[in-house]
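**Student:** sequence first, predicted coordinates after that:
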Amino acid sequence: MLRTRALAGVAALLAFTVATPVEATHEVDHRYVVLGHVRDATARPLAQPVVRVVREKTGLAYEARTDDDGFYLVIVHLHDEDVLEGLRVAVGRASLRVEARFNPLDQRTPRGTTVDFINGVARERPEEFPAALERYVNK
């Protein structure tokens, strides 16, 4: 009887653990970073607007607010098989669709893109991502 209760308790704990979603964005192959700046028409930073990134495949949304410099960083939970997945990056009514472009065989290089919003117009600059991430990390 005691053994049956113990096994039932362990089974319930395992079921709860398996059913609980876990975000493993600590690994390079589990994240895609979208970062950039939000600025007004005169290129002044806009502090505190919400930047929203939505995965097209799942509808999951990830959000961040810009800091005093207008900078934001959003970490999206993606895996190797999510390469080329569409992401909608938006601030207010301004938005841009980007594709998660990365080499699924590369488990070391950070994955991501840069999307800047200037005066309500979004512009992707993936070539700027490595340097922008480096600046952020070394702040």
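**Tutor:** Perfect, I can see it now.
**Student:** surely Arg52 meets Glu63?
**Tutor:** Yes: at 5.0 Å, Arg52 and Glu63 qualify as touching, with contact defined as C-beta atoms under 8 Å. For the C-beta atoms, the positions are set from N, CA and C on the backbone; glycine is no exception.
**Student:** higher neighbour count, the two?
**Tutor:** A direct count of neighbours by other C-beta atoms under 10 Å for Arg52 and Glu63 places Arg52 higher, at 16 against 12.
**Student:** ok, that one - contacts?
**Tutor:** Ala61, Tyr62, Glu63, Arg88, Val89, Ala90, Val91 (C-beta atoms under 8 Å, 6 or more residues apart in numbering).
**Student:** what do you get if the cut-off is 7 Å, keeping everything else the same?
**Tutor:** In this structure, Arg52 makes contact with Ala61, Glu63, Ala90, judged by C-beta atoms under 7 Å, 6 or more residues apart in numbering.
**Student:** can you tell me how far His26 sits from Ile75?
**Tutor:** For His26, the distance to Ile75 equals 10 Å [C-beta to C-beta, to the nearest Å].
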